[in-house]
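K.L.:
here is my input, please return the structure:
(chains A and B)
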Amino acid sequence: SVLLYQKPNRDICQSGTSLKIQCVADSQVVSMFWYQQFQEQSLMLMATANEGSEATYESGFTKDKFPISRPNLTFSTLTVNNARPGDSSIYFCSSSPRGVYEQYFGPGTRLTVL
Amino acid sequence: GDQVEQSPSALSLHEGTSSALRCNFTTTTRSVQWFRQNSRGSLINLFYLASGTKENGRLKSAFDSKELYSTLHIRDAQLEDSGTYFCAAEGSNYQLIWGSGTKLIIKP
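P.N.:
Modelled structure (predicted):
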């Protein structure tokens, strides 16, 4: 398995501000994924981030709103720009160990936008 | 329509009883994963299946890639089994396509 850590575990911010969520893996991983989950709903894949390349975004998510960096094989950040109350949700990073398909998740970052 | 149809959406069991969750897939998928999300929001990977069945304690999962479905059986349910269970199918680009979840409540 791979252990993923996220920081912060929760945040409250004002509308119009930006915030960064960090994800750190305990081993090198090829792909890191970012998910959004609204309360009582399923997970939505936002983007896939591979080291050294631009993240690939899913429909409904844009680089301008949710820029993602992947500077090395153990780290990724998700930024929420111009946060709005509709962005209030839990954000998860996930990944798989090399050569393994099982996905493992970080503990999530619970964001509340006022 | 949805590519992964998960049922039931909610389930209430008494301790010691057994039941099954199911996911139907509308398109071919190479694999399925099952997750449990606890009340704190943490997601735990229960199973990865490319075919056949796997068992872990009181949990057993099966994946039929030809008939396009997967099941998760919970035997002798315990209070700690409460949570929301998700299945996720492997998409064409190796991304996961998620079911809508089953909220499971175990009653004493």
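
K.L.:
next SSE downstream of the lowest-mean-pLDDT helix or strand in chain B?
P.N.:
Lowest on mean pLDDT, DSSP states H and E among the helices and strands of chain B sits strand B:96-98, with a mean of 93. For strand B:96-98, the following helix or strand on the C-terminal side (DSSP states H and E) is strand B:102-107.

K.L.:
got the buried residues for that next one?
P.N.:
Across strand B:102-107, burial judged by 16 or more other C-beta atoms under 10 Å in any protein chain shown covers B:102, B:104, B:106. All C-beta atoms are positioned from the backbone trio N, CA, C, and that covers glycine.

K.L.:
hang on, the earlier thing: name the helices or strands packed onto the least confident helix or strand of chain B?
P.N.:
Where contact means 3 or more C-beta pairs under 8 Å, 6 or more residues apart in numbering or on different chains; DSSP states H and E, strand B:96-98 is packed against strand A:43-50, strand B:83-90.

K.L.:
and the first one, how far from the chain's centre?
P.N.:
Relative to the mean C-alpha coordinate of its chain, strand A:43-50 is positioned 7 Å out (C-alpha atoms, centre = their mean, to the nearest Å).

K.L.:
swap in the last one?
P.N.:
Centroid separation for strand B:83-90 versus its chain: 5 Å, with C-alpha atoms, centre = their mean.

K.L.:
enumerate the residues of chain A near chain B.
P.N.:
Residues of chain A lying close to chain B (C-beta under 8 Å from any C-beta of the partner chain) are A:1, A:33, A:37, A:41-45, A:48, A:58, A:90, A:92, A:94, A:101-105, A:107-108, A:110.

K.L.:
how about a cut-off of 7 Å?
P.N.:
A:42-43, A:45, A:48, A:90, A:92, A:101-105, A:107-108 (C-beta under 7 Å from any C-beta of the partner chain).

K.L.:
filter the residues you listed down to the buried ones.
P.N.:
Buried, going by 16+ other C-beta under 10 Å: A:42, A:43, A:45, A:48, A:90, A:92, A:103, A:104, A:105, A:107, A:108, out of the residues of chain A next to chain B.

K.L.:
pick out the most distant pair among the residues you listed.
P.N.:
A:48 and A:107 (20.1 Å; C-beta to C-beta).

K.L.:
what about residue B:98, distance to residue B:83?
P.N.:
Separation of residue B:98 from residue B:83 (C-beta to C-beta, to the nearest Å) stands at 15 Å.

K.L.:
name the residue in the two with the higher neighbour count.
P.N.:
Counting neighbours by other C-beta atoms under 10 Å in any protein chain shown for residue B:98 and for residue B:83 shows that residue B:98 has the greater number, 24 against 21.

K.L.:
on that earlier part again, list the pairing partners of the least confident helix or strand of chain B within its sheet, with orientation.
P.N.:
Strand pairing for strand B:96-98, using DSSP bridges, gives strand B:83-90 (antiparallel).
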